[in-house]
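>>> Fold the following for me, if possible:
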Amino acid sequence: MKFELSIINGKTVADILRPRRKECVDIVRHAYLTHAAGHSVNPDSYFLRFPDKPDCRIIALPAYLGDDTDVAGLKWVASFPGNVQKGFPRASAVLILNNYDTGYPFAILEGSIISASRTAASAALAAYWLNGKARRAHSLGIVGTGFIARYIYEFLVDTGWEIEEVQLYDAAPHEAEKFIKTACRQELHRSVTVASNAESLIRSCDLIVFTTVASTPYITDAALFTHNPVVLHISLRDLAPEVLLQSQNVVDDVEHVMKANTSPHLTEQLTGNRQFVTGSLAEVMLGERTVDHSRPVIFSPFGMGILDLAVGKWVYDQAVTSGQNVRLPTFFHEVVR
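I've put the predicted structure just below:
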């Protein structure tokens, strides 16, 4: 038996994913449905924290995804917010893929682009299903204009969303201005503006994306959402329980999201129950749960390792087919018992 290891670098990952974003959304959709059918293992994420760097962490996301993917693996992703001030991204990651028959790793991929892409694909998928299966928004509001925000914006426009206006807010105003210059395709929109605060953005947008590094809720006024927008709460800790209790709440996995003081977790602690959760995105896609626009609709995805495996295995297959993987046939030396 061969025990070859492949290395797939970030440029290759980006080159494979960039022109195939619609297909990436389909991969994520299939992974959610495979998980809903019980053909996966997605244990808790493991957080490595540092006493002298309380805002930093490295997270291990182990998982197994069955069905036609049939691969195990681990995403090892670091979040060091201070990197932003140094001019490079907050997050870095590697993804390891393991053969399900032998357990041997067969690929190591640059993981931050895969992670951003699976997050953005999940957001675009949720936006479509929670917006009445329509790819249209009068005003898109983005709170937190970093790396993940850029990927979500690009996935939305590259999968056919029609967006009249874009509003941006970042605690560092220069980051929002930078987003306009480097990420926004201004010719696709009637206007692109920087909001003076998050509250005014929320009041005036019908599709809202939170991609911040907030560790505790700072949006506490449920009245900001009385126009019943669709909210992609990607950063998970922006909204106070009072907001969630006045909304319809869709998650990626109920058990998974009720941890680490996410907004849903805080709401569960406050109420002592999970009755505020409408259901999972997979249940919405399967027609087992429904949402309407009589109240705000909030999607709060914890981020599942199975999505990284699904996208990573797909990228690996594309790289191997096109000969873009770096092969290490002798990486494993002692392979005879």
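>>> correct me, but Val230 touches Val297?
Yes - between Val230 and Val297 a contact is recorded at 5.0 Å, counting by C-beta atoms under 8 Å. Any C-beta I mention is one placed from the backbone N, CA and C, and that applies to glycine too.
>>> Can you pull the residues that touch both of these two?
Jointly contacting Val230 and Val297 under the rule C-beta atoms under 8 Å, 6 or more residues apart in numbering are Leu130.
>>> Could you list the low-confidence segments of the stretch 201-337 of the chain?
For the stretch 201-337 of the chain, no stretch is flagged by pLDDT under 70.
>>> what about the strands in it?
Secondary structure of the stretch 201-337 of the chain (DSSP state E, counting those that start in this stretch): strands at 207-210, 230-233, 248-251, 277-280, 297-300, 326-328.
>>> Paired strands for the first one, with orientation please.
In other words, strand 207-210. In the sheet, strand 207-210 lines up against strand 136-143 (parallel), strand 230-233 (parallel) (DSSP bridges).
>>> winner for burial among those strands?
Of all these, strand 230-233 carries the top mean neighbour count, a mean of 28, counting by mean count of other C-beta atoms under 10 Å.
>>> Adjacent strands (with direction) for the strand ranked longest in the chain?
Determined from DSSP state E, the single longest strand within the chain is strand 53-65. Strand 53-65 has the following strand partners under DSSP bridges: strand 40-41 (antiparallel), strand 46-50 (antiparallel), strand 71-79 (antiparallel).
>>> Could you list the buried residues of the second one?
With burial defined by 16 or more other C-beta atoms under 10 Å, not one residue of strand 46-50 is counted as buried.
>>> Give me the distance from that strand to the chain's centre.
Chain-centre distance of strand 46-50: 20 Å, with C-alpha atoms, centre = their mean, to the nearest Å.
>>> And for the shortest one?
The chain centroid and the centroid of strand 40-41 are separated by 18 Å under C-alpha atoms, centre = their mean.
>>> Other residues contacting it?
Contact partners of strand 40-41, identified using C-beta under 8 Å, 6+ apart, comprise Ala31, Thr34, Ala63, Tyr64, Leu65, Gly66, Ile306.
>>> Likewise for the second one?
Taking contacts as C-beta under 8 Å, 6+ apart, the residues outside strand 46-50 that touch it are Cys56, Arg57, Ile58, Ile59, Ala60, Pro62, Ala260.
>>> how about the CA coordinates for it, as PDB?
Extracted in PDB, the C-alpha atoms of strand 46-50 (Å, rounded to 0.1, in the frame of the first residue of the first chain):
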ATOM      1  CA  TYR A  46     -10.700  22.400  21.300                       C
ATOM      2  CA  PHE A  47      -9.400  25.800  22.300                       C
ATOM      3  CA  LEU A  48      -5.800  26.400  23.200                       C
ATOM      4  CA  ARG A  49      -5.600  29.700  25.100                       C
ATOM      5  CA  PHE A  50      -2.700  31.700  26.500                       C
END
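>>> Leu33 - that's part of a helix, no?
Yes - assigned with DSSP: H, G, I helix; E, B strand; the rest coil, Leu33 falls within a helix.
>>> List the contacts of it.
So Leu33 contacts Ala282, Met285, Leu286 (C-beta under 8 Å, 6+ apart).
>>> Next: Thr267.
Thr267 sits next to Pro241, Leu244, Leu245, Phe276 when contact means C-beta under 8 Å, 6+ apart.
>>> List only those of the residues you listed flagged as buried.
Pro241, Leu244, Phe276.
>>> Those residues in helices, which ones?
Of the buried ones among the contacts of Thr267, the ones assigned to helices by DSSP state H are Pro241, Leu244.
>>> Next, format the buried ones among the contacts of Thr267 as JSON lines and append distance to Pro217.
Supplementary listing: the buried ones among the contacts of Thr267 in JSON lines, determined by distance: C-beta to C-beta, whole Å:
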{"residue": "Pro241", "distance to Pro217": "8"}
{"residue": "Leu244", "distance to Pro217": "9"}
{"residue": "Phe276", "distance to Pro217": "15"}
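>>> And the buried ones among the contacts of Thr267, which is closest to Leu224?
Of all those, Leu224 sits closest to Leu244, with 12.9 Å by C-beta to C-beta.
>>> Surely the closest one touches Gln275?
No - using C-beta under 8 Å, Leu244 makes no contact with Gln275, being 11.3 Å away.
>>> before we move on, the earlier item: so which of the contacts of Leu33 is surrounded by the most neighbours?
Most neighbours among those, by other C-beta atoms under 10 Å: Ala282, with 21 neighbours.
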